Structures are given as structure tokens and as C-alpha cells.
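[1] sequence-free structure coming up:
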């Protein structure tokens, strides 16, 4: 299984939190990362997105074909995100578009076994793969970390 965590791009301040929209910078961030992802995503990647406006707009830069999943909204536990994604047993790839601090906690849990306070930058992705190894034991690979500020248009 492959699990791609994508933090929503930069959003406006305001209330209600769920209605915050991407800023102009955030739209550019989402477009850059989406352009990087499009040729690399495996076919039939399942895309699950938090119900907030900013995550919906971030995901829309990549595709209109995604599922809105309340179980990955703001303030959920890292285990809830992993369960919604079907980690580690789902077939294929799952892209989760969500929020800090939860996505950082998911990354920390996967890498260290502890849901620590790791930071995933606005608009960035962390791409994990669970490979079956000897004796059917899983091997976790961190395949990529991409931040919009490391990409240029055309990359």
C-alpha cells in the first residue's frame, strides 16, 4: 500500500474554520504540488479529503474525483486517519488531504511508532509505502517529501 499525506495549502484566517478558503498563494501551492503529483500517482489512487473548504480546494487542483470523509477532518486522531485510509492493508494507493497537527502525527506514528508533534508544511506531501518483505513482515518506506516552495512551475 502507498499512503500520501497532503496538507492543505495556505488558507485565509477566519471563522468558521471549516469555511476558510485558500489564499492566492495557497492556490499556487496546490497547483504546483498537483502538477508534481499527477504524473506520479498510481492509477486508481483513492483520494480522500477532509470536508473543510481549504482541503476541498487543495484536492480540486489535482482532481474532482475524490471522496469527502469526515473522519479525516480537523482535530481527529492519527489512528482515525489511518483507519479511514485502510492503512496498511488497503490495495493500491490512498491520498489523504487533511490538516496539521494530525497529518504530522500520522507521519510521526508511521516513522517512530509515537504520534509526536511533527510538522508538515502547508501544501506539502509525505509519501509512504508499506512493502511486504521476508516472512510477510512490512517494511515502511518514506518515498518522497515534497513542499511547494521546492517546486517551480514546470517541474
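    Thanks, I have it. Please read these numbers as outputs of a predicted model, since none were measured by experiment. Residues are numbered from 1 along each chain as shown.

[2] Under the pLDDT cut-off, which ranges of this structure? List them.
    Residue ranges of the chain with pLDDT under 70: 133-137, 153-155.

[3] Just the helices from it, written as ranges.
    Per DSSP state H, the chain carries helices over the ranges 24-37, 53-60, 78-85, 102-112.

[4] Tell me which of these lies nearest to residue 120.
    Closest to residue 120 of the helices of the chain is helix 102-112 (C-beta to C-beta; 4.9 Å). C-beta here means a position set from N, CA and C on the backbone, and glycine is covered the same way.

[5] That closest one relative to helix 78-85, how many degrees between them?
    When axes from the mean of the first three to the mean of the last three C-alpha atoms, to 10 degrees is applied, the directions of helix 102-112 and helix 78-85 differ by 90 degrees.

[6] Count residues in the vicinity of residue 92, would you?
    12 (other C-beta atoms under 10 Å).

[7] any idea how far it is from residue 51?
    Counting by C-beta to C-beta, to the nearest Å, the gap from residue 92 to residue 51 is 23 Å.

[8] Please enumerate the strands of this structure.
    Taking DSSP state E as the criterion, the chain contains strands spanning 2-7, 46-49, 67-68, 93-98, 125-132, 138-146.

[9] Sheet partners, orientation included, of the third one?
    Within its sheet, and counting by DSSP bridges, strand 67-68 is paired with strand 46-49 (parallel).

[10] can you redo the helices of the chain as JSON lines with distance to residue 122 and mean neighbour count?
    Below are the helices of the chain laid out as JSON lines (distance: least, C-beta to C-beta, whole Å; neighbours: other C-beta atoms under 10 Å):
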{"stretch": "helix 24-37", "distance to residue 122": "7", "mean neighbour count": "19"}
{"stretch": "helix 53-60", "distance to residue 122": "9", "mean neighbour count": "23"}
{"stretch": "helix 78-85", "distance to residue 122": "18", "mean neighbour count": "18"}
{"stretch": "helix 102-112", "distance to residue 122": "11", "mean neighbour count": "21"}
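
[11] Export those helices to JSON lines and append columns for distance to residue 146.
    Listed next are the helices of the chain as JSON lines, based on distance: least, C-beta to C-beta, whole Å:
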{"stretch": "helix 24-37", "distance to residue 146": "6"}
{"stretch": "helix 53-60", "distance to residue 146": "14"}
{"stretch": "helix 78-85", "distance to residue 146": "19"}
{"stretch": "helix 102-112", "distance to residue 146": "13"}
